[in-house]
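1. can you look at this prediction? I've put the sequence above it.
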Amino acid sequence: MSEPLIRSGMTVLFQGDSITDTGRDRSIAEANQTEALGRGYALLASARLLAAFGPSGVRCLNRGVGGDKAFQLADRWQADCLGLKPDVLSLLIGVNDTWHGLAGGDGIPEATLPRFAHHVDFLLGSVREQNPEAVLVVCDPFAVPAGAGAELAFEPELGERRKILGKAAKKHDAVRVRFQEVLDQRLAAGVAAADLAADGVHPTLYGHAVMAAAWLGAVRL
């Protein structure tokens, strides 16, 4: 097995929307604090990292914000990413860029596919410029056929965003976590969509556990 991409002494930053946020306590800025890491895959993955490297071996931070789209991440990128100087950036974004347009009907100009590509390139490129040795982890946005995931046509647009993220990951030498494929495999194995994400988008504890396992596998831990 190849060496893990994460090493002792690194700062690991999870960034994204509500799927990453998961009700984290935003008043806590310190690393490795349970309440500050939320209740989802970021917490579960961080717990595994701390088990591997010790209670102060890595610094795990969560700065996900519910409802965010890529352009909103870009607006807060200096304070919530670059200023934290991450050695590892994990990025999960894109479902709101699609979902909010579908629900609202008219779409959002800054969330169009070309603008999404522009913002993703900025998010990854700025971290790579700041730290050429940074580990970039690009996670695919997803939806499963339950709740809004069944009622709204997330595909094919969400798939186009995954393609954009894939191209950006290749350009910026990032590891990719294919959450949609991982969840689809569970569906194919007979797991009910609602057991992964009751509303089709926000994972259950089981769904987050599946995601955390996929994330840890991608970073070879």
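-> Happy to help now that I have it.
2. can you give me the buried ones in stretch 72-81?
-> Neighbour-count burial for stretch 72-81, counted by 16 or more other Cβ atoms under 10 Å, picks out 72-74, 77, 80-81. (Glycine included, C-beta is placed from N, CA and C.)
3. so which of these sit within strands?
-> Of the buried residues of stretch 72-81, none are assigned to strands by DSSP state E.
4. residue ranges with poor pLDDT in this structure?
-> 1, 103-107 (pLDDT under 70).
5. tell me the centre residue of it?
-> The chain has residue 92 as the residue nearest its centroid, 2.2 Å off, counting by Cα atoms, centre = their mean.
6. partners of it in the sheet?
-> residue 16, residue 139 (DSSP bridges).
7. I'd guessed it sits against residue 18; true?
-> No: counting by Cβ atoms under 8 Å, residue 92 does not reach residue 18; the two are 10.2 Å apart.
8. quick one: the residue nearest to the centre of the chain from residue 22, how far?
-> 11 Å (Cβ to Cβ, to the nearest Å).
9. quick one on the thing from earlier: what is in contact with residue 92 and residue 18 at once?
-> residue 64 (Cβ atoms under 8 Å, 6 or more residues apart in numbering).
10. hang on, the earlier thing: OK, contacts around the residue nearest to the centre of the chain?
-> Contacts of residue 92 by Cβ under 8 Å, 6+ apart are 14-17, 19-20, 64, 139, 141, 179.
11. could you do residue 207 as well?
-> So residue 207 contacts 183, 195-197 (Cβ under 8 Å, 6+ apart).
12. report the buried residues of the longest helix seen in the chain.
-> Determined from DSSP state H, the single longest helix within the chain is helix 113-130. Residues 115-124, 126-128 are the ones in helix 113-130 that count as buried (16+ other Cβ under 10 Å).
13. once you drop chain neighbours, what's closest to residue 122?
-> In space, and not counting its chain neighbours, residue 122 is closest to residue 74: 5.6 Å by Cβ to Cβ, 6 or more residues apart in numbering.
14. likewise residue 168?
-> Per Cβ to Cβ, 6+ apart, closest to residue 168 is residue 120, 4.8 Å.
15. for residue 218, see how far away the one you found is.
-> Per Cβ to Cβ, residue 120 is found 18 Å from residue 218.
16. residue 89 too?
-> Distance, residue 89 to residue 218, by Cβ to Cβ: 13 Å.
17. what touches both of these two?
-> With Cβ under 8 Å, 6+ apart as the test, residue 89 and residue 218 both reach residue 137.
18. same drill for the two, tell me which one is more crowded.
-> A count of neighbours by other Cβ atoms under 10 Å puts residue 89 above the other of residue 89 and residue 218, at 26 against 17.
19. can you report phi and psi for the more buried one?
-> Dihedral angles of residue 89 (phi, psi; degrees, to the nearest 10) stand at phi -110, psi 120.
20. isn't it right up against residue 80?
-> No: the pair residue 89 / residue 80 is not scored as a contact, 11.0 Å apart, by Cβ under 8 Å.
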